[in-house]
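Undergrad: following is a predicted model, sequence given first.
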Amino acid sequence: MTAPTLRSRHRCYAGEVRFYGHKSTEVGGEMRFAVFVPPQAAQRPVPVLFYLAGLTCTEETFMIKAAAFEAAVEAGLMLVAPDTSPRDRRYPGDDESWDFGLGAGFYLDATATPWRDGYRMHAYVTQELPALVTQHLPARRDRLGIFGHSMGGHGALVAALRHAGLYRSVSAFAPIAAPSRCPWGEKAFSRYLGSDRGAWAAWDATALVEAGGRCPPILIDQGMDDQFLEQQLHPHLFEAACRKTGQPLVLRRHDGYDHGYYFISTFMADHIGHHAAALNAA
Ligand SMILES: N[C@@H](CCC(=O)N[C@@H](CS)C(=O)NCC(=O)O)C(=O)O
């Protein structure tokens, strides 16, 4: 596996924010990701927490807006944030809307043409990127956590549910919790996976839990003034599935908060603490 190319580096909280590019085999072109390397990594390999961003975001969004560095230094965690879709290789119609194609890979492995050739963001974030990061950075392969926001919050849940044992910790901000049953998900899944709804269940966190899928205890934060809550997010469906099957979940509902990064940054330290408890346990 060839080393990623360092595009820029910036001292930050006595650690470093770095931006990398590399040739991805899963995606079939250049992919970009950002890393926060905490100061502890100068002494020893540290646990890694992956963050999956939402629709329209890039690898830069989390680093600029999420206010995660202070808590990450306290916990000694490396933070890794990939881009949200392939961008190098282009597909007809991939830039026609902001909720499909570029910036909207939905962290699944597409099965419908032409998307199946490179829209393989699930394999990318669960296999290729962890291998790359743990090989080329001072990161522990046996201490991985994952979280994300909206499309990425859902991607984190699916990653943890589909790969029992890979992640020690998982959480989400305002995830698209039941994508088979909302307009964003129906649009994306029908194009990436085809019209057979039976095939969607393997990429839907609520359906995965209903089918007996298990992962480490989940923390979800949801703002009650989120403009997408009613139509798109449906956390109550995920909550009901977890309650029914015994999947541990803490779902916190916060009055007055919307869907954006002011909400995310408010509860970021709680999420880092949730991950640190599992990632730093003996
Ligand atoms: N472009 C959409 C909004 C897309 C959106 O809210 N994206 C969320 C993730 S689902 C986000 O994090 N946007 C980037 C940001 O807030 O900086 C709209 O006009 O309604």
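TA: Nice, I can see it. Numbers count the residues shown, from 1 in each chain.
Undergrad: and stretch 226-235, average pLDDT?
TA: Mean pLDDT, computed over stretch 226-235, is 98.
Undergrad: what about that stretch, start to end distance?
TA: 12 Å (Cα to Cα, to the nearest Å).
Undergrad: is any part of it close to the ligand?
TA: No - applying Cβ under 6 Å from any ligand atom, one finds stretch 226-235 separated from the ligand by no less than 7.0 Å. C-beta here means a position set from N, CA and C on the backbone, and glycine is covered the same way.
Undergrad: mind listing what's buried along that stretch?
TA: Within stretch 226-235, the residues scored as buried using 16 or more other Cβ atoms under 10 Å are 226, 228-229, 232-235.
Undergrad: from these, which is closest to the ligand?
TA: Among those, residue 228 lies closest to the ligand (Cβ to the nearest ligand atom), at 7.0 Å.
Undergrad: surely the closest one touches residue 150?
TA: Yes - at 7.4 Å, residue 228 and residue 150 qualify as touching, with contact defined as Cβ atoms under 8 Å.
Undergrad: who touches both of these two?
TA: 174, 259 (Cβ atoms under 8 Å, 6 or more residues apart in numbering).
Undergrad: in the stretch 51-200 of the chain, what residue comes closest to the ligand?
TA: residue 54 (2.6 Å).
Undergrad: longest helix in this protein, please.
TA: helix 261-279 (DSSP state H).
Undergrad: and the residue lying farthest from the centre of the chain, what are its phi and psi?
TA: Residue farthest from the centre of the chain, counting by Cα atoms, centre = their mean, is residue 43 at 27.4 Å. Main-chain dihedrals, residue 43, degrees, to the nearest 10: phi -100, psi -40.
Undergrad: equivalent analysis for residue 107, please.
TA: phi 50, psi 40.
Undergrad: what about the spatially closest residue to it that is not a sequence neighbour, distance to residue 201?
TA: Of all residues not flanking residue 107 in the chain, residue 155 sits nearest, at 2.9 Å (Cβ to Cβ, 6 or more residues apart in numbering). As for residue 155, its distance to residue 201 is 16 Å (criterion: Cβ to Cβ, to the nearest Å).
Undergrad: more neighbours, these two?
TA: residue 155 (33 against 13; other Cβ atoms under 10 Å).
Undergrad: now do the strands in the stretch 1-150 of the chain.
TA: 5-12, 15-24, 29-37, 46-52, 78-82, 139-149 (DSSP state E, counting those that start in this stretch).
Undergrad: swap in the stretch 151-282 of the chain?
TA: Under DSSP E, counting those that start in this stretch, the stretch 151-282 of the chain gives strands at 169-173, 218-223, 249-254.
Undergrad: among those, which is the most enclosed?
TA: strand 169-173 (a mean of 28; mean count of other Cβ atoms under 10 Å).
Undergrad: is the ligand within reach of it?
TA: No - shown here: strand 169-173 not in contact with the ligand (Cβ under 6 Å from any ligand atom), separated by at least 9.4 Å.
Undergrad: same question for stretch 57-77.
TA: Yes - judged by Cβ under 6 Å from any ligand atom, stretch 57-77 comes into contact with the ligand at 57, 61, 65.
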